[in-house]
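Colleague: Below are the sequence and a predicted model; questions follow.
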Amino acid sequence: MRVDILIIFENEDLPDNHVKALLKLKYSLAKYHDKWLKADCSHIEMLEDTIEDFGEYLAAATVQKKKSVSER
């Protein structure tokens with residue numbers, strides 16, 4: 001999970017005040033990880049939601065493709 005946090009830091013453009021506050025923390029990654037552990041949403045729940053959403057998308061795309069083929 002800490003690697004995932006680092007990846008987000010690398011890919012996000014954080015506001016300067018966030019970066020300055022982050023740099024003042026000792027063990028800042030550990031602090032973020034601890035905060036994530038206390039969050040209401042777990043990593044598994046996020047994965048489950050993503051899997052469900054993508055499955056619905058694929059199913060809808062399949063129906064749409066079948067409609068397009070049958071209309072020809």
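Modeller: Cool, got the structure. Numbers count the residues shown, from 1 in each chain.
Colleague: State the distance from the residue nearest the centre of the chain to M1.
Modeller: The C-alpha lying nearest the average C-alpha coordinate of the chain belongs to M46 (CA atoms, centre = their mean; 7.3 Å). Distance from M46 to M1, counting by CB to CB, to the nearest Å: 11 Å. Any C-beta I mention is one placed from the backbone N, CA and C, and that applies to glycine too.
Colleague: For the stretch of helix or strand A59 belongs to, give the mean pLDDT please.
Modeller: Assigned by DSSP states H and E, A59 belongs to helix 43-70. Averaged over helix 43-70, pLDDT sits at 84.
Colleague: Next: stretch 24-34.
Modeller: For stretch 24-34, mean pLDDT is 84.
Colleague: With stretch 1-18 instead?
Modeller: 80.
Colleague: If we go by neighbour counts, what in it is buried?
Modeller: I5 (16 or more other CB atoms under 10 Å).
Colleague: List the contacts of that stretch.
Modeller: With contacts defined as CB atoms under 8 Å, 6 or more residues apart in numbering, stretch 1-18 is touched by 22, 29-30, 32-33, 36, 43.
Colleague: Widest-spaced pair of those?
Modeller: Using CB to CB, the contacts of stretch 1-18 reach their maximum pairwise distance at L22 and H43, which is 21.5 Å.
Colleague: From the contacts of stretch 1-18, list just the buried residues.
Modeller: Buried among the contacts of stretch 1-18 (16+ other CB under 10 Å): Y32.
Colleague: Show me the contacts of stretch 1-18 that map onto helices.
Modeller: 22, 29-30, 32-33, 36, 43 (DSSP state H).
Colleague: Pull the number of nearby residues for K35.
Modeller: Neighbour count for K35, taken as other CB atoms under 10 Å: 10.
Colleague: no no, D53
Modeller: Quick note: D53 (other CB under 10 Å) scores 10 neighbours.
Colleague: Tally up the residues packed near S28, please.
Modeller: S28: 14 neighbours (other CB under 10 Å).
Colleague: measure it to K66 for me?
Modeller: Taken as CB to CB, the span from S28 to K66 is 51 Å.
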